[in-house]
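**Student:** pasting a predicted model and its sequence here:
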Amino acid sequence: MNLKELKEIIAIFEEANISELDLEREEVRIRLRKGRAPEVVGAPQIAEEAVVQRVVPALSEEAKKEEEKGLAEISSPMVGTFYRTPSPEAKPFVEEGDEIEEGQVICIIEAMKLMNEIKAEIKGKIVRILVENGHPVEYGQALFLVKPH
């Protein structure tokens, strides 16, 4: 994606009656939001126009699949904001390495100002927490990797 294409996307975004746009193409991700100061994640030369983030895989797909063999995913049942704690000063519901029981609250997803407790669907051990506290999540997005018992 070149600077001309980026400027065209920004112009269209500014004219549209939307407040947020998230676009991913090739290895470039662009997130535009109206009413907020831009955040620089990469490419500082265009910081005043957009947020640009290079998407670089941490592990090869084969290495990830091998590492995650036999693990179960706990996925988000809704779109919202992921929280690991019931309040900012509280300790997290679960940590990596914790044993969980079916029905145990493992996180909260805020959607439309409602706090929704997400409960474990399986019994097992939390191997990896895949989402950072306070980050947005999509429907069906993996939140946790669990080694089932």
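**Tutor:** Arrived safely, thanks for sending. Please read these numbers as outputs of a predicted model, since none were measured by experiment.

**Student:** in the chain, which spans are strands?
**Tutor:** 20-25, 28-33, 51-54, 72-75, 80-83, 99-100, 105-111, 114-119, 124-129, 136-137, 142-148 (DSSP state E).

**Student:** closest one to Asn2 among those?
**Tutor:** strand 28-33 (10.3 Å; CB to CB). Any C-beta I mention is one placed from the backbone N, CA and C, and that applies to glycine too.

**Student:** next, the angle from the longest helix seen in the chain to strand 20-25.
**Tutor:** In the chain, taking DSSP state H as the definition, the longest helix is helix 3-15. If you take axes from the mean of the first three to the mean of the last three CA atoms, to 10 degrees, helix 3-15 sits at 150 degrees to strand 20-25.

**Student:** now for helix 3-15, which elements pack on it?
**Tutor:** The contact analysis (3 or more CB pairs under 8 Å, 6 or more residues apart in numbering; DSSP states H and E) places helix 3-15 against strand 20-25, strand 28-33.

**Student:** and the contacts of the first one?
**Tutor:** The one in question is strand 20-25. Contacts of strand 20-25 from elsewhere in the structure, counted by CB atoms under 8 Å, 6 or more residues apart in numbering, are Met1, Ile9, Phe13, Arg29, Ile30, Arg31, Leu32, Arg33, Lys34, Val55.

**Student:** report the two of the residues you listed separated the most.
**Tutor:** Across the contacts of strand 20-25 (CB to CB), the longest gap, 23.3 Å, separates Lys34 and Val55.

**Student:** which ChimeraX command selects the buried ones in the contacts of strand 20-25?
**Tutor:** A single ChimeraX command selects the buried members of the contacts of strand 20-25 (16 or more other CB atoms under 10 Å):
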select :9,13,29,30,31,32,33
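
**Student:** and the contacts of strand 20-25, which is closest to Ile126?
**Tutor:** Using CB to CB, Val55 comes nearest to Ile126 of the contacts of strand 20-25, at 25.7 Å.

**Student:** model confidence score at the closest one, please.
**Tutor:** The per-residue pLDDT reported for Val55 equals 43.

**Student:** what's the answer for Ser76, then?
**Tutor:** For Ser76, the model assigns a pLDDT of 94.

**Student:** I'd say it and Val137 touch.
**Tutor:** Yes: taking contacts as CB atoms under 8 Å, Ser76 lies within contact range of Val137: 4.5 Å.

**Student:** between the two, what contacts are shared?
**Tutor:** Phe82, Ile109, Leu143.
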